[in-house]
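Engineer: Pasting the sequence and the predicted model now:
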Amino acid sequence: MSQSKKKRGLAFTGAVRKHELVASIRSWGARGATRVQTRELADIQDAELNSPQLGEEEFDQVFKEAWSIVKADRKDETFCDLSKVESREAEFLINPYIPRGALTILDGHPGQGKSLITNHLAAAITTGGRFADKYKMAKGNVLFMSPEDDPDRVLRPRLEAQGADIDRIRFMARPEYLDAYGRLKLRNEIIEHPVELVAIDPIPAFVSPETNTYRATEVRGFMQPLAMLARELNIAILIVRHLRKGGSDTAIEAGQGSMDFIAAVRSGLMIFRHPIDDQTRVFSHSKSNWAKNGPSLTFELEAKSGQSVPTISWLAELNESADQLMKGASQEKVVDACAEKIRELLVLGPIKARDAIDQLVKLGFSKRTIDRAKDLAEVKAGRGPGSTWTIQRSKDRQ
């Protein structure tokens, strides 16, 4: 019987053997089958549908892990009295950008610095340092699930360049889809090796081919168990995703796939180029369910002398929202703000050009913005080493 089924193409192969077995065990358990009955049914499925059959030890491990899910499912109370729930404050890994016990999504086009931001975040966590030179982090461990980044040629060099404590970082060496079996393996990993943050980069690599990422019900079915895992273990899970190629009218709709990706997370972050300066990136807060949106932060990617691996150099905070910045609404405002700062610098008299530019750059203004703002502020600039800036008087302009 088993051979005839396998010949007709009904056999499960590769990693699918485990995934289907776990799904069946959960289904039988949900219908009230005992452990012995479920074990017998699992033996039959392994013999008739798996090609080749799982090894004895491998089968025992899969059954043990799957049955633990069945027991957890049976203990679950679908409905509860709210009076039995104790109120508590929302917790954050970084307030307000990344909450604990919930999912956060980070959207951005390729090459804009999404992975470098996660590396910078990991460095801050593993050393107890500061994210964006401002937000103090509690020291802890980080788990990377980044199948596109070679651990030896990409992941470790980037983390070391950011100053991370490598001893506090683990990574997924063999990618698994985040279905029931994959989530179980992830849960066991986190229980055995506790972490503050799990970085999943990019999310499509962990969605099975059978899941339509543009269908709301299927995306919700994928995201909800992940959110429950984050809540159960009170950890932050950061999901990385690409932006749509065609663009979007609003920041919250800009990510690829169904809107249920952003609907399932408690915080949404974005990275994109500054509307004025292509060398400046914006880290912006597009969605926040547990707190007021944080300010937009700007940064540049730079490689230190003798290093080929880029690092993050933080610049200024911006008042504009993700929607305003993506639409370029802040272009003239940024130039105006820079011109006003130039006037403040020169109110007491001339200042060396080099000193003025250095101060403006530290405030987050790019050199292109400074050049435009200098004309707007009607600066009279000298030439050559040691030249100065002064505000032109009316007679100078005549």
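Structural biologist: Thanks, I have it.
Engineer: the strands in the stretch 251-398 of the chain, which residues?
Structural biologist: 267-273, 281-288, 296-302, 311-318, 351-352, 379-381, 388-391 (DSSP state E, counting those that start in this stretch).
Engineer: Any chance of these in JSON lines with distance to residue 151, mean neighbour count and mean pLDDT as columns?
Structural biologist: Where you see a C-beta, it was placed from the backbone N, CA and C, and this is true even at glycine. Formatted as JSON lines, these follow (distance: least, Cβ to Cβ, whole Å; neighbours: other Cβ atoms under 10 Å; pLDDT from 0 to 100):
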{"stretch": "strand 267-273", "distance to residue 151": "23", "mean neighbour count": "24", "mean pLDDT": "95"}
{"stretch": "strand 281-288", "distance to residue 151": "25", "mean neighbour count": "23", "mean pLDDT": "95"}
{"stretch": "strand 296-302", "distance to residue 151": "21", "mean neighbour count": "20", "mean pLDDT": "92"}
{"stretch": "strand 311-318", "distance to residue 151": "19", "mean neighbour count": "18", "mean pLDDT": "91"}
{"stretch": "strand 351-352", "distance to residue 151": "48", "mean neighbour count": "15", "mean pLDDT": "90"}
{"stretch": "strand 379-381", "distance to residue 151": "50", "mean neighbour count": "16", "mean pLDDT": "88"}
{"stretch": "strand 388-391", "distance to residue 151": "50", "mean neighbour count": "17", "mean pLDDT": "89"}
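Engineer: Out of those strands, flag the one nearest residue 209.
Structural biologist: strand 267-273 (25.9 Å; Cβ to Cβ).
Engineer: got a list of contacts for the closest one?
Structural biologist: Counting by Cβ atoms under 8 Å, 6 or more residues apart in numbering, strand 267-273 makes contact with 96-99, 102-109, 112-114, 117, 243, 251-252, 254, 262, 280-290, 322, 325-326, all of which sit outside it.
Engineer: Within its sheet, name the partner strands of that strand and how each one runs.
Structural biologist: Here strand 267-273 is paired, per DSSP bridges, with strand 102-108 (parallel), strand 281-288 (antiparallel).
Engineer: quick one: contacts of the helix ranked longest in the chain?
Structural biologist: Longest helix in the chain, counting residues (DSSP state H): helix 56-75. Helix 56-75 has contacts (Cβ under 8 Å, 6+ apart) with 18, 21-22, 25-26, 29-30, 35, 38-39, 42-43, 46, 53-54, 180-181, 184-185, 188.
Engineer: which is the next helix or strand following that helix?
Structural biologist: strand 92-94 (DSSP states H and E).
Engineer: Can you tell me the strand partners of the following helix or strand past that following strand and which way each runs?
Structural biologist: Downstream of strand 92-94, the next assigned helix or strand under DSSP H and E is strand 98-99. Sheet pairing of strand 98-99 (DSSP bridges) gives strand 92-94 (antiparallel).
Engineer: State the mean pLDDT of the strand it pairs with.
Structural biologist: The predicted model assigns strand 92-94 a mean pLDDT of 97.
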